[in-house]
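*Asks:* what shape does this take:
(one chain, ligands or ions: 2)
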Amino acid sequence: MRPFAEKFYSSAAWRRTREAYAASRHRLCELCLSPADVVHHVRRLTPNNIHDASVTLSWDNLQLLCRRCHAEQHAPGGALACARAPVAFGADGGVCPPCGAGTFAHVAPALELKFYARRKKIRERGPG
Ligand SMILES: [Zn+2]
Ligand SMILES: [Zn+2]
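*Replies:* Ligands and ions are numbered 1, 2, ... in the order given. Down below sits the predicted model:
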């Protein structure tokens with residue numbers, strides 16, 4: 001973790017936000033639907049925006065990712081993770097800066113069905 005962000009990541013406001021956001025996404029990766037526990041900032045945190053709640057705490061700027069997709073987002077060429085994502089493109093929604101892919105709010109109906117089927121499976125058998 002970069003030092004300027006340490007205080008933010010240990011704040012109660014962030015912990016509450018990340019928990020509520022993860023729950024709202026059913027703890028599934030927004031890119032691949034694997035069980036996920038990383039709440040990622042789409043617009044990266046910098047020393048200049050770390051005190052701007054519209055960047056740090058706004059759900060519009062958050063994305064729930066599994067560790068693999070998160071690592072890919074931060075790797076050079078991170079757009080690869082997005083190119084693979086079966087998401088629709090939403091003009092009014094959050095978009096991934098490298099590739100312009102829409103966020104989970106704008107998934108195609110087919111993916112939505114897949115998501116609910118998967119969630120049902122996880123509820124029945126537990127993640128994995
Ligand atoms: Zn993933
Ligand atoms: Zn991240």
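
*Asks:* make it CA atoms for all contacts and neighbour counts henceforth
*Replies:* Fine.

*Asks:* quick one: secondary structure of residue 44?
*Replies:* Applying DSSP: H, G, I helix; E, B strand; the rest coil to residue 44 yields a three-state assignment of coil.

*Asks:* and it, how many neighbours?
*Replies:* When neighbours are defined as other CA atoms under 10 Å, residue 44 has 13 of them.

*Asks:* ok, now the one 10 residues further on?
*Replies:* Number of residues near residue 54 (other CA under 10 Å) recorded here: 12.

*Asks:* look up the pLDDT of it for me, please.
*Replies:* For residue 54, the pLDDT comes out at 96.

*Asks:* excluding chain neighbours, what is closest to it?
*Replies:* Distance criterion CA to CA, 6 or more residues apart in numbering; nearest residue to residue 54, sequence neighbours excluded, is residue 61 at 8.0 Å.

*Asks:* residue 42 and ligand 1, how far apart?
*Replies:* To ligand 1, residue 42 is 14 Å away according to CA to the ion, to the nearest Å.

*Asks:* touching, that residue and residue 59? I think so.
*Replies:* No: taking CA atoms under 8 Å as the definition, residue 42 is not a contact partner of residue 59, at 10.0 Å.

*Asks:* tell me which of those two has more neighbours.
*Replies:* Using other CA under 10 Å, the more surrounded residue of residue 42 and residue 59 is residue 42, with 19 against 16.

*Asks:* before we move on, back to that, what about the residue nearest to residue 54, how many residues nearby?
*Replies:* Applying other CA under 10 Å, we find 18 residues neighbouring residue 61.

*Asks:* same check on residue 28?
*Replies:* Residue 28, neighbours per other CA under 10 Å, totals 23.

*Asks:* contact partners for it?
*Replies:* Going by CA atoms under 8 Å, 6 or more residues apart in numbering, residue 28 touches 22, 34-37, 64-66.

*Asks:* can you tell me the closest non-neighbouring residue to it?
*Replies:* Using CA to CA, 6+ apart and skipping residues adjacent in sequence, the residue nearest residue 28 is residue 35, 4.5 Å away.
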